[in-house]
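Visitor: pasting the sequence and the predicted model now:
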Amino acid sequence: MAVKTKARPKVRATEADFEKLTAIGSASRSPMPGASLLLEELERFAIVPDTDRRSKFVRLGSKVTYRDLALNRDRTVRVGLPGEANVDENRISVLAPIGAALIGLSVGDVFRWEGSDERVREIEVLSIED
């Protein structure tokens, strides 16, 4: 599933978010593309203390504006837990491919992966709000 043409950017998670993400990834038994990507990315996370507010990266609950580089389209979403997802409110789950790709990234990071349809997806983080 991973696209290896470029090195992936560094990803971080707070201790609390990492525990939740690990539990969600482990509990997801269905072959969802986002779950597979999340499990793949969990191995790469650098863990930071929950109290670290100096580091700006996508956390659970973050509002993120990203650009889909293939479509040249910007979108703003809030990344959260599966039960919080709501398309009408632009809330996406970390089990959705975009949510799994965004979690842990910083502004300016570009992330590439191959979707379940075998198309290469590429996004760039433009802004992050907690």
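Guide: Right, received. Where do you want to start?

Visitor: now the helix or strand of the chain with the lowest mean pLDDT, how far from the chain's geometric center?
Guide: Across the helices and strands of the chain, the lowest-confidence element by mean pLDDT, DSSP states H and E is helix 33-42, at a mean of 88. Mean-position distance between helix 33-42 and its chain equals 9 Å (CA atoms, centre = their mean, to the nearest Å).

Visitor: repeat for stretch 96-109
Guide: Between the centre of stretch 96-109 and the centre of its chain there are 3 Å (CA atoms, centre = their mean).

Visitor: contacting residues for residue 86?
Guide: Neighbour list for residue 86: empty [criterion: CB atoms under 8 Å, 6 or more residues apart in numbering]. No exception for glycine: its C-beta is placed from N, CA and C like everyone else's.

Visitor: any idea how far it is from residue 80?
Guide: As defined by CB to CB, to the nearest Å, residue 86 lies at a distance of 9 Å from residue 80.

Visitor: and the contacts of the least confident helix or strand of the chain?
Guide: 1-2, 11, 18, 21-22, 24-25, 28, 93-101, 103-104, 113, 115-116.

Visitor: from the residues you listed, which land in helices?
Guide: Using DSSP state H, the members of the contacts of helix 33-42 that fall in helices are 18, 21-22, 24-25, 97-101.

Visitor: neighbour-wise, give me the winner out of those.
Guide: residue 100 (29 neighbours; other CB atoms under 10 Å).

Visitor: do you know how far residue 24 is from residue 122?
Guide: Residue 24 sits at a distance of 24 Å from residue 122 (criterion: CB to CB).

Visitor: got it, and residue 62?
Guide: Residue 62 sits 20 Å away from residue 122 when distances are taken as CB to CB.

Visitor: quick one: which of these two has more around it?
Guide: Just comparing residue 62 and residue 122: by other CB under 10 Å the higher neighbour count belongs to residue 62, 21 against 16.

Visitor: distance of the more buried one from residue 102?
Guide: 8 Å.

Visitor: joint contacts of these two?
Guide: Common neighbours of residue 62 and residue 102 (criterion: CB under 8 Å, 6+ apart): residue 79.
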